[in-house]
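K.L.:
Everything below, folded, please.
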Amino acid sequence: MTADSGLVERLRRERDELARELERARAGATFAEAVENSSEAIVVYDADGLLVACNQNFRDLYGYTAEEAKPGVHFAELGRIDVERGNVVVGDEFGGGEAYLQRKAEYRARLQGSFIVRLKDGRWIKTTDRPMRRGGFVSVQVDVTDIKNNEEELRLAKEQAEEANRLKSEFLANISHDLRTPLNSIIGFSDMILSEAWGPVGHEKYREYIDAIKYSGELLLGLVGDILDTARLESGRYRLDETEVDLPALSRALAATFEPVVASKDLDLAVEAAPGFPATARADERVVAQVVNNLVANACKHTGPRGRVRVQWSLRPGGRVRLTVRDNGPGMPPALVAKVGEPFLQPGAYVAQDGPRGTGLGLFICKRFAEIMGGVMEICSSPGAGTAVSVEWPLSETAERRAKSG
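P.N.:
Below is the predicted model:
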């Protein structure tokens, strides 16, 4: 290679390097212009927390002068300016200026998540810091006032809805108690007249009227009971009172109360307990009775003449007791099965039923009682194949040991 050719090669390399430098400079200028024109406040700090560069939006956001927000100033110094001038509301959210500065320093040490503050003019600002490969970090600060206001509106709306629900439940509980007293009197006096405790009633028509009064009173009392249970469940005031209960025996006693409807429809109603099922188990007797009563009532209502209803008790793996009420009634379509357990559900639009429509709260109450006991309610049904509703919950430790030893 001659001296001239070597010089040419060196000049070519210098030219190419200069072109690359110019390209980098143009790119840097373009990036700087983009940062300056960004709608967000952007600031860059080095590894020591010293300001390297920031855009005008950052200065305007906090009211910094060019002398205050200049290269070389530490972010902690800018934070102290915010506290001294009251740029940032530090009392409610942070408990004071020093606590605010400490929290911000801890956040900057982690460089994870985000940091939200409220300015003195009411705006909410979200700061997000991201580390850079060569050390230091870039901080982007965005106005999230609309989002915070929406969150506050949602919170207030939720509180108002919860308060309205509480008042509704309280009203239902109070009115249910008030309704029960006269209904019990109506039913009690009807029983006395029907039994002719003070002598014969007389005309047979009167007995028909009294039967109607007693039936209507019992129906209303059941509806009031459903409303009261729903009010207790929704208010969260229901507490379990567990004792040792013979679950199959309790179910047989309850099944006997359905004798009138069983006889009128010639139903085959029976209670079955699987081999090894414990003689007693700890449970809230009233809750279990309500669940059994509601499920059997539903099964008897929707099962046709000469139908079959079974109340079955069994133990499941994992120490769980399972109650299943199974019938060979018309069954339910998938559209209804998917809704079972919703309050005020009326199945009349889907399946035929005998007797008046209820409140639609029976299965909802069963489902909620199952959840209170730590269990679940399941339903298996299809048109023409009958329905099986199961409630399963954990068996108490003592009952589980007794079942295994038996």
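K.L.:
all helices of the stretch 1-150 of the chain, in order?
P.N.:
All helices of the stretch 1-150 of the chain, identified by DSSP state H, counting those that start in this stretch, fall at 3-36, 56-62, 75-85, 91-94, 97-110, 145-194.
K.L.:
Check the stretch 301-406 of the chain too.
P.N.:
In the stretch 301-406 of the chain, the helices defined using DSSP H, counting those that start in this stretch lie at 334-337, 362-372, 397-405.
K.L.:
pretty sure Gly374 contacts Pro394?
P.N.:
Yes. In this structure, Gly374 is within contact of Pro394 by Cβ atoms under 8 Å, at 5.2 Å. Any C-beta I mention is one placed from the backbone N, CA and C, and that applies to glycine too.
K.L.:
Could you check which of those two is surrounded by more residues?
P.N.:
Pro394 (15 against 11; other Cβ atoms under 10 Å).
K.L.:
Can you give me the pLDDT of that one?
P.N.:
Here, the pLDDT recorded for Pro394 equals 90.
K.L.:
With just CA atoms, put stretch 273-285 into CSV.
P.N.:
This file holds the C-alpha atoms of stretch 273-285, laid out as CSV (Å, rounded to 0.1, in the frame of the first residue of the first chain):
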residue,chain,number,x,y,z
ALA,A,273,-78.0,-43.4,55.1
ALA,A,274,-75.0,-45.0,53.4
PRO,A,275,-73.2,-47.8,55.3
GLY,A,276,-70.7,-46.3,57.8
PHE,A,277,-72.4,-43.0,58.1
PRO,A,278,-71.9,-41.7,61.7
ALA,A,279,-74.7,-41.9,64.2
THR,A,280,-74.2,-38.3,65.0
ALA,A,281,-72.2,-35.4,63.7
ARG,A,282,-71.5,-31.8,64.8
ALA,A,283,-73.8,-29.5,62.9
ASP,A,284,-76.1,-26.5,63.3
GLU,A,285,-79.4,-28.4,63.6
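K.L.:
all helices for the stretch 151-300 of the chain, in order.
P.N.:
204-235, 247-256, 259-265, 285-302.
K.L.:
Lowest-scoring secondary structure element of the chain by mean pLDDT?
P.N.:
helix 397-405 (a mean of 41; mean pLDDT, DSSP states H and E).
K.L.:
Which parts of the stretch 301-406 of the chain are strands?
P.N.:
Secondary structure of the stretch 301-406 of the chain by DSSP state E, counting those that start in this stretch: the strands cover 308-316, 320-327, 376-381, 387-394.
K.L.:
Save those as a markdown table, and put in distance to Thr127 too.
P.N.:
A markdown table is the format used below for the strands of the stretch 301-406 of the chain (distance: least, Cβ to Cβ, whole Å):
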| stretch | distance to Thr127 |
| --- | --- |
| strand 308-316 | 53 |
| strand 320-327 | 50 |
| strand 376-381 | 45 |
| strand 387-394 | 48 |
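K.L.:
So this protein: which segments form each domain?
P.N.:
Using automatic domain parsing, the domain parsing of the chain gives 38-143, 152-235, 242-405.
K.L.:
most packed of those?
P.N.:
domain 242-405 (a mean of 17; mean count of other Cβ atoms under 10 Å).
K.L.:
can you tell me how far the spatially closest residue to Val117 that is not a sequence neighbour sits from Ser139?
P.N.:
Closest residue to Val117 apart from its sequence neighbours, by Cβ to Cβ, 6 or more residues apart in numbering: Val88 at 4.9 Å. Using Cβ to Cβ, to the nearest Å, Val88 is found at 15 Å from Ser139.
K.L.:
got it, and Arg239?
P.N.:
From Arg239 across to Ser139, the span is 52 Å (Cβ to Cβ).
K.L.:
just to revisit the earlier point, in terms of mean pLDDT, which of the domains of the chain ranks lowest?
P.N.:
Per-stretch averages of pLDDT across those put domain 152-235 at the bottom, with a mean of 73.
K.L.:
Turn the helices of the stretch 151-300 of the chain into JSON lines, columns for distance to Val337.
P.N.:
Formatted as JSON lines, those follow (distance: least, Cβ to Cβ, whole Å):
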{"stretch": "helix 204-235", "distance to Val337": "21"}
{"stretch": "helix 247-256", "distance to Val337": "24"}
{"stretch": "helix 259-265", "distance to Val337": "24"}
{"stretch": "helix 285-302", "distance to Val337": "13"}
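K.L.:
Can you tell me which of those is nearest to Pro275?
P.N.:
Nearest to Pro275, of all these, is helix 247-256, at 12.2 Å by Cβ to Cβ.
K.L.:
got a list of contacts for the closest one?
P.N.:
Residues from elsewhere that reach helix 247-256, judged by Cβ atoms under 8 Å, 6 or more residues apart in numbering: 269-273, 277, 280-281, 283, 285, 288-289, 292-293, 296, 311, 313, 321, 323.
K.L.:
try 6 Å
P.N.:
Leu269, Val271, Ala273, Ala281, Val292, Asn293, Val311, Trp313 (Cβ atoms under 6 Å, 6 or more residues apart in numbering).
K.L.:
go on, stretch 133-145?
P.N.:
40-47, 111, 123-131.
K.L.:
go on, stretch 102-109?
P.N.:
Counting by Cβ under 6 Å, 6+ apart, Gly79, Phe94, Phe115 sit against stretch 102-109.
K.L.:
The nearest residue to Cys380 once chain neighbours are set aside: what's it in contact with?
P.N.:
Residue nearest to Cys380 in three dimensions, not counting chain neighbours: Ala388, with 4.7 Å by Cβ to Cβ, 6+ apart. The contact partners of Ala388, by Cβ under 6 Å, 6+ apart, come to Thr324, Arg326, Cys380.
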